[in-house]
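Novice: next input, structure requested:
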Amino acid sequence: MKKFSGKVAIVTASSSGIGRATAIAFAREGASVVVACRRQREGEDTVRMIEEVGGVGRFIETDVSRADQVERMVSQTVTTFGQLDFAFNNAGAAESPMAFIDQPEETFDRVMDVAVKGVWLGMKAQIPAILACGGGAIVNMSSIAGVVGSPGAPIYAASKHAIIGLTKSTSLEFARSGIRINAICPGVIETESLGSYLRQNEEVKKSMVAGHPIGRFGTPDEVAGAVLWLCSQEAAFITGHSLLIDGGYTAQ
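Specialist: This next block holds a predicted model:
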């Protein structure tokens, strides 16, 4: 039997990259997967990929910064599949590198709304649904920028630090209720969008790779594997943890 047969997972920002890889990984292990993202065409492409590996998926258009859409995402998941067992709150937002004093207020609002408010709203809706089916697990997307500073991207770093705080606090509140809540902190992961940028900037790529002692970037599948492990029974005694997936970056 597959590891997650009969289970249901929500993966936000699953139209590409880490989110897409994780949605497909859940499906390979037998879970029914809700693909929750804003871009319909790419989200439906993820559903098609899930079906190609023999899984079951459903696209639900979702802006994680809006409470009504997040609540609808969860209610439609339960209506469609009858339960919710796992959630991977993966959505985030970046900022253009610039001096701290030059960062506009609009950037602060956008990054915090998607990353921090999105995780907060997600858990507020997901926790009651997971409790209703006897418990499960939530994984929130942080970053190495959640444990170290990031010159030129202070708002992004602040959002990732905040996600770790939300994760630790909620994990303590619900530890005895049957929900484990953890975060992941990836280093640089070679997604399609990053690869496209770095192909035009070889010197930047060399510098970024040099920051990872393992000698390369991570892959979306490697991050997906960590998410699934944190949701599995193998991680049954782990909650409130922030798992570094960084090729040694923060060990230096």
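Novice: can you give me the strands in this protein?
Specialist: Ranges of strands in the chain, per DSSP state E, are 8-12, 32-37, 56-61, 86-89, 136-141, 179-186, 242-245.
Novice: would you turn those into a markdown table with mean pLDDT?
Specialist: Below are those laid out as a markdown table (pLDDT from 0 to 100):
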| stretch | mean pLDDT |
| --- | --- |
| strand 8-12 | 98 |
| strand 32-37 | 98 |
| strand 56-61 | 98 |
| strand 86-89 | 98 |
| strand 136-141 | 98 |
| strand 179-186 | 98 |
| strand 242-245 | 98 |
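Novice: turn the ones you listed into TSV, including distance to residue 115 and mean neighbour count.
Specialist: From N, CA and C alone the C-beta is placed, and that goes for glycine too. TSV is the format used below for the strands of the chain (distance: least, C-beta to C-beta, whole Å; neighbours: other C-beta atoms under 10 Å):
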stretch	distance to residue 115	mean neighbour count
strand 8-12	11	30
strand 32-37	15	28
strand 56-61	19	19
strand 86-89	9	30
strand 136-141	8	26
strand 179-186	12	25
strand 242-245	15	19
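Novice: name the surrounding residues that touch stretch 144-162.
Specialist: Stretch 144-162 is contacted by residues 92-95, 97-100, 103, 107-108, 111-112, 115-116, 142-143, 163-164, 183, 185-187, 242, 244, 246, 249-250 when judged by C-beta atoms under 8 Å, 6 or more residues apart in numbering.
Novice: ugh, wrong one, stretch 54-67
Specialist: Stretch 54-67 has contacts (C-beta under 8 Å, 6+ apart) with 12-13, 23-24, 26-28, 30-38, 40, 43-44, 46-47, 50-51, 69-70, 72-73, 76-77, 80-81, 89, 91, 113-114, 117-119, 121-122.
Novice: helix or strand with the lowest mean pLDDT in the chain?
Specialist: helix 192-198 (a mean of 67; mean pLDDT, DSSP states H and E).
Novice: tell me the buried residues in stretch 124-135?
Specialist: For stretch 124-135, a neighbour-count test (16 or more other C-beta atoms under 10 Å) marks 125-127, 129-130 as buried.
Novice: ok, back up a step: which among the contacts of stretch 144-162 end up buried?
Specialist: Listed as buried from the contacts of stretch 144-162 are 92-93, 95, 103, 107, 111-112, 115-116, 142-143, 163-164, 183, 185-187, 242, 244, 246, 249; burial here means 16+ other C-beta under 10 Å.
Novice: out of those residues, which are inside helices?
Specialist: Counting by DSSP state H, the buried ones among the contacts of stretch 144-162 place 107, 111-112, 163-164 in helices.
Novice: picking that back up, can you redo the strands of the chain as JSON lines with distance to residue 222?
Specialist: Formatted as JSON lines, those follow (distance: least, C-beta to C-beta, whole Å):
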{"stretch": "strand 8-12", "distance to residue 222": "16"}
{"stretch": "strand 32-37", "distance to residue 222": "19"}
{"stretch": "strand 56-61", "distance to residue 222": "22"}
{"stretch": "strand 86-89", "distance to residue 222": "15"}
{"stretch": "strand 136-141", "distance to residue 222": "14"}
{"stretch": "strand 179-186", "distance to residue 222": "9"}
{"stretch": "strand 242-245", "distance to residue 222": "7"}
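Novice: sounds good, over and out.
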